[in-house]
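**Student:** starting from these lines, generate the structure:
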Amino acid sequence: MLRLASASQTRAKLLNDAGIGFIQESVDFDEESIVATSPKNFVYQATLGKFEANLRAFGYEEYPLLVADTVVASCGQILRKAKCVDDARNILLTQSGSVTSIITCMIYQSCKMKIIDISTTEYLFSEFDLDDVERYLQSGEWRGKAGGCMVEGFCKPYIKSVRGYESTAMGLNTDLLKSFLLKK
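**Tutor:** Alright, predicted model coming up:
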């Protein structure tokens, strides 16, 4: 059993699917103050900030603490969470026909071990159909998603190739986490 310090329903589903028991509660951390030019640096700073805030609130003695953050990068740009439909459209069109890197950082802390991992999954997307983009934008499913990206949803039919774990792209490298948890 661990404490998932994230409000993400996708991360909760990944843990459920991996058979990892958890409770889900977290305190907020403001990512807007982060200044980083590298996607890996940004995602690490965001995860570390979340970890420190949740460590102060919960500790890790009762339940091991797990925090994660994800960033999307394409065409040399960090693609954060879209603030409005126009922003989401621009972010999605940046990824259309391009290589998109989805980078997830996680920090796990228990009394016995600490894991810090940054994993990347790269997708080559074909050109997005503009009508599909508009339907996706109207659905609102892009809200709260780094890069507006849903590799398990909207982006799935456009995947030409993939390198890495889908769980990383969905927000938590459960393959790696599970391998460490089995060792304890």
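**Student:** what's the helix ranked longest in the chain packed up against?
**Tutor:** In the chain, with assignment by DSSP state H, the single longest helix is helix 39-58. Where contact means 3 or more CB pairs under 8 Å, 6 or more residues apart in numbering; DSSP states H and E, helix 39-58 is packed against strand 65-74, strand 99-109, strand 114-125. For every residue, glycine as well, the C-beta is placed using N, CA and C.
**Student:** what about residue 100, how many residues nearby?
**Tutor:** Residues lying near residue 100 (other CB atoms under 10 Å) number 23.
**Student:** chain neighbours aside, what residue packs nearest to it?
**Tutor:** Excluding the flanking residues, the one nearest residue 100 by CB to CB, 6 or more residues apart in numbering is residue 74, at 4.3 Å.
**Student:** buried stuff in stretch 82-102?
**Tutor:** Neighbour-count burial for stretch 82-102, counted by 16 or more other CB atoms under 10 Å, picks out 82, 88, 89, 91, 92, 94, 95, 96, 100, 101, 102.
**Student:** adding secondary structure and pLDDT, write the residues you listed out as CSV.
**Tutor:** Output for these, formatted as CSV (DSSP: H, G, I helix; E, B strand; the rest coil; pLDDT from 0 to 100):
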residue, secondary structure, pLDDT
82, coil, 92
88, helix, 95
89, helix, 96
91, helix, 95
92, helix, 96
94, helix, 96
95, helix, 96
96, coil, 96
100, strand, 96
101, strand, 96
102, strand, 93
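**Student:** now render those residues as TSV, adding distance to residue 29.
**Tutor:** Converted to TSV, these look like this (distance: CB to CB, whole Å):
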residue	distance to residue 29
82	19
88	23
89	27
91	22
92	26
94	26
95	26
96	31
100	25
101	23
102	20
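**Student:** which of the residues you listed lies closest to residue 15?
**Tutor:** Nearest to residue 15 among the buried residues of stretch 82-102, counting by CB to CB, is residue 102 at 18.1 Å.
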